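Q: show me how the following folds:
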Amino acid sequence: MLRSAWIGGEHDDASGEISARQLLVLSVATSIDALAVGLGFAFLRVNLVEAVTLIGVTTFGLTLLGVAVGHRAGARFRRPAEGAGGIVLIGIGTKILLTHLGVLSAGCSRPSAYR
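A: Numbering: from 1, shown residues only. Presented below is the predicted three-dimensional model:
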């Protein structure tokens, strides 16, 4: 993301087309997420029809909103947003690495008034 934001990359063509490889990676990621949610529902007493309907309607609505906002703002803010996203992902990855290495504490720090 940072490389693409700073020096340009495979996404500079603004055609909106997605390659078969990109589509495959996105579909696998989405399927893994759906599998995790499905397994979670198996352990909970959830009305599946209600849950699936709510998830579907919410996903549809937010996807429409995201496409509309992305279409309008994408051309103008593409590089800064892509750079910021790359920095955030690097920060998250660094925090996870440092937490697992024991450099950072895994717990939440709370103000002393709440202890």
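Q: now tell me which helix or strand of the protein has the poorest mean pLDDT.
A: In the chain, the helix or strand scored least confidently by mean pLDDT, DSSP states H and E is helix 2-7, which has a mean of 78.
Q: report the distance from it to the chain centre.
A: Remark: helix 2-7 is offset 19 Å from the chain centroid, using C-alpha atoms, centre = their mean, to the nearest Å.
Q: one more: stretch 71-84?
A: With C-alpha atoms, centre = their mean as the basis, stretch 71-84 stands 16 Å off its chain's centre.
Q: same thing with stretch 20-32?
A: 13 Å.
Q: what of stretch 24-43?
A: That offset, for stretch 24-43, works out to 13 Å (C-alpha atoms, centre = their mean).
Q: give me every residue that touches residue 41.
A: Residues in contact with residue 41 (C-beta atoms under 8 Å, 6 or more residues apart in numbering) are 48, 51. For the C-beta atoms, the positions are set from N, CA and C on the backbone; glycine is no exception.
Q: distance of it relative to residue 53?
A: Distance, residue 41 to residue 53, using C-beta to C-beta, to the nearest Å: 13 Å.
Q: for the least confident helix or strand of the chain, name the packing helices and strands.
A: helix 48-100 (3 or more C-beta pairs under 8 Å, 6 or more residues apart in numbering; DSSP states H and E).
Q: what packs against the helix it packs on?
A: helix 2-7, helix 20-42.
Q: I'd like those helices laid out as TSV, including distance to residue 75.
A: Converted to TSV, those look like this (distance: least, C-beta to C-beta, whole Å):
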stretch	distance to residue 75
helix 2-7	14
helix 20-42	20
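Q: so of the ones you listed, which one's packed in deepest?
A: Counting by mean count of other C-beta atoms under 10 Å, helix 2-7 has the highest mean neighbour count of those, with a mean of 14.
Q: low-confidence ranges in the protein?
A: Judged by pLDDT under 70, the chain has its weakly predicted residues at 8-16, 107-115.
Q: burial check on the closest residue to residue 6 other than its chain neighbours, number of neighbours?
A: Residue nearest to residue 6 in three dimensions, not counting chain neighbours: residue 83, with 6.9 Å by C-beta to C-beta, 6 or more residues apart in numbering. Using other C-beta atoms under 10 Å, residue 83 has 16 neighbouring residues.
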